[in-house]
Structure formats: structure tokens, C-alpha cells
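got a sequence here, can you build the structure:
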Amino acid sequence: MGRSKTSVTTPSVISDFKEITKMGLSLSVVFSSLAGYLLGVDIINFKTLVLLALGGYFMVGASNAYNQIIEKDLDALMHRTKNRPIPSGRMTVTTAFIIASIFTLLGIVILYTINKQTAMFGAISIFLYTCVYTPLKTKTPLAVFVGAIPGAIPFMLGWVAATDDFGIEPGTLFAIQFFWQFPHFWAIGWFLYNDYEKAGFFMLPTGKQDKGTAVQTIMYCIWTFVVSIIPVFGFTGTLKLSVVAAILVGVLGLGMVYYAFRLFKEMTEKAAKQLMLASVSYITLIQIVYVIDKFIR
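I've put the predicted structure just below:
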């Protein structure tokens with residue numbers, strides 16, 4: 001509290017930059033795309049790995065910056081977001097737009113140097129997140145469905161970067177992360193319900209913290225569980241999963257289903273927060289299991 005103004009200026013510029021690009025979220029997305037790359041590749045090319053990490057980071061950072069420009073007035077209404085760089089007045093819209101534009105350009109150019117399809121999916125992801133998902137958030141709960149598409153692209157993007165091919169394998173990776181987004185988003189929408197309501201965001205499928213939302217959350221957890229173990233049956237081309245890995249993935253999936261049932265039973269914000277943490281652990285751990293399984297099989 002007692003620090004002089006000069007000592008906080010530099011860190012705040014850095015922290016504002018981290019916040020406008022949502023560095024933590026961006027890095028988790030990069031993790032997904034690198035996992036997808038390792039699953040798709042025969043011989044690891046470290047140059048491609050670095051390009052994918054950078055391109056992926058710029059792509060998500062751009063989407064987040066555009067999102068915060070569009071939602072600046074709504075962010076000012078919510079306790080969770082009112083201190084973000086733009087609503088708090090620490091960063092101008094022009095600065096944020098310059099950052100977003102540079103990131104878009106860098107992201108697409110870097111992904112293009114890997115291959116055209118990777119750049120195309122990167123561009124689709126920025127477009128859907130910024131121009132479709134963000135405006136829909138105040139209109140309809142279907143926004144979550146639209147937002148799940150760019151959210152599911154990174155895992156698949158890694159495979160496309162490795163193979164320059166889109167088929168059943170990256171389609172399966174896309175499906176896993178697509179279905180997973182629903183319980184993840186809805187858990188966040190549940191425990192931040194009052195805050196979202198201030199800005200008029202409709203994040204829950206029924207619009208309320210009710211049994212209907214809880215039931216749909218359980219259903220999507222089950223879908224996620226089912227899709228995640230499908231590669232063990234050999235239907236998914238060169239994307240394979242050993243029996244041991246499938247059991248591990250299955251146990252992790254049942255853990256997420258368990259927390260969804262707890263939300264149904266307890267209907268509390270605490271239970272929703274636990275489901276959100278379980279969902280983050282789930283997606284990270286199954287990606288690690290998939291990659292390790294590929295290299296030890």
C-alpha cells in the first residue's frame with residue numbers, strides 16, 4: 001500500500017498486458033494445441049512446436065483483447081471484471097485494438113508458416129469468438145454452444161499442424177474439447193450467476209440455477225466421458241488409446257460426472273466451483289494421458 005507510484009507503474013503495464021490477452025487462459029489453450037501436435041506427429045519438429053505455441057498464444061490473446069473491447073461497458077458492471085484494463089481506464093480502446101490487431105496478424109502469419117489449414121482454423125476461431133460468441137452472450141444461452149467451437153479448435157489445431165490433414169483423428173480431439181466446454185462453462189456460469197446477471201449475460205442453458213441446468217450439465221459430462229474413451233475401440237484412425245490409458249481417462253471422466261451429480265444434489269455455488277476445478281483438472285490430465293500413452297505404446 002505504501003509503495004511509491006513509480007514502483008507500481010511498470011508491473012501494472014505488464015499485468016495489464018497479461019490481463020488484456022488473458023495470459024493464463026491463453027497458455028492453457030497453447031497446452032491443448034501442443035498436446036494435439038504431439039498426438040499427430042511422427043517425428044517431433046521443435047521449430048513447428050515453437051511456432052504453434054507462439055501462433056496459438058497470439059490467436060487466443062487477440063480473441064480475448066477483442067472480447068474486452070466489445071464488452072468494456074458490461075465489464076464495468078461486474079465485480080469480477082470491473083478492474084480490467086479498459087473499464088478501469090488504465091488502457092484505452094485504441095491501445096487494446098492495436099494489441100489485438102498485431103496479435104491477429106502475428107498469429108495467422110505464424111500459423112500459416114506451419115500450413116494453410118492451421119492458419120484457416122486459427123482465423124475461424126478468432127472470428128467466431130469475437131464476432132459471434134461475444135455478441136450472443138447477452139442474447140441467448142446458445143452463446144455457449146457457439147463459444148464451444150473456437151474453444152474446441154486448439155486441441156484439433158495441433159493435429160492439423162502436425163499432419164496438414166483434417167480427418168477422424170482431429171475431429172475426435174475437437175469433439176472431446178467441444179463437449180467438455182459445456183459443463184466447464186455452465187459451472188462458471190452457475191457460481192458467477194449474480195455477477196453475470198448484472199451485465200445481462202445468459203450463460204446457463206435454462207437461464208437459471210435450477211435442476212434443468214444441473215441435468216444438462218450431467219448429460220454433457222457423460223458425453224465428454226464417452227467421446228474421450230472412443231479411441232480405445234479403434235474407430236478413430238491413427239488416434240489410438242491403450243486399454244490402461246482408456247481406464248485412466250474413464251476414471252477421470254467419472255470424477256467429473258460425480259461432481260456434476262453433486263451440483264444436481266446440492267445446487268450450491270460451492271458445488272459449481274468444485275465442478276469447474278474438476279473440469280479443468282480433467283481436460284489437462286486426459287491430454288497428458290493421451291500423449292504419454294502414445295509415446296510409451
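
mind jotting down where the helices sit in the chain?
Per DSSP state H, the chain carries helices over the ranges 5-20, 23-40, 46-70, 72-75, 93-114, 116-127, 134-136, 143-163, 168-191, 193-199, 211-229, 243-266, 269-296.

quick one: which of these is nearest F235?
The closest of the helices of the chain to F235 is helix 168-191. By Cβ to Cβ, the value is 7.6 Å. Heads up, the C-betas are built off the backbone N, CA and C, glycines and all.

mind listing what's buried along the closest one?
Applying a neighbour-count criterion of 16 or more other Cβ atoms under 10 Å, the buried positions in helix 168-191 are 169-170, 172-191.

CA atoms only: put it into PDB for me.
Listed next in PDB are the C-alpha coordinates belonging to helix 168-191 (Å, rounded to 0.1, in the frame of the first residue of the first chain):
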ATOM      1  CA  ILE A 168     -11.500 -38.500 -38.000                       C
ATOM      2  CA  GLU A 169      -8.500 -38.000 -35.600                       C
ATOM      3  CA  PRO A 170      -8.600 -34.200 -35.200                       C
ATOM      4  CA  GLY A 171     -12.400 -34.500 -35.400                       C
ATOM      5  CA  THR A 172     -12.300 -36.700 -32.300                       C
ATOM      6  CA  LEU A 173     -10.000 -34.300 -30.500                       C
ATOM      7  CA  PHE A 174     -12.300 -31.500 -31.400                       C
ATOM      8  CA  ALA A 175     -15.400 -33.400 -30.100                       C
ATOM      9  CA  ILE A 176     -13.700 -34.100 -26.700                       C
ATOM     10  CA  GLN A 177     -12.900 -30.500 -26.100                       C
ATOM     11  CA  PHE A 178     -16.300 -29.400 -27.500                       C
ATOM     12  CA  PHE A 179     -18.400 -31.500 -25.200                       C
ATOM     13  CA  TRP A 180     -16.200 -30.600 -22.300                       C
ATOM     14  CA  GLN A 181     -16.800 -26.900 -22.700                       C
ATOM     15  CA  PHE A 182     -20.400 -27.200 -21.600                       C
ATOM     16  CA  PRO A 183     -20.000 -28.400 -18.000                       C
ATOM     17  CA  HIS A 184     -17.000 -26.100 -17.700                       C
ATOM     18  CA  PHE A 185     -18.800 -23.000 -18.900                       C
ATOM     19  CA  TRP A 186     -22.000 -23.800 -17.000                       C
ATOM     20  CA  ALA A 187     -20.200 -24.400 -13.700                       C
ATOM     21  CA  ILE A 188     -18.600 -21.000 -14.100                       C
ATOM     22  CA  GLY A 189     -22.000 -19.500 -15.100                       C
ATOM     23  CA  TRP A 190     -23.500 -21.000 -12.000                       C
ATOM     24  CA  PHE A 191     -21.100 -19.700  -9.400                       C
END
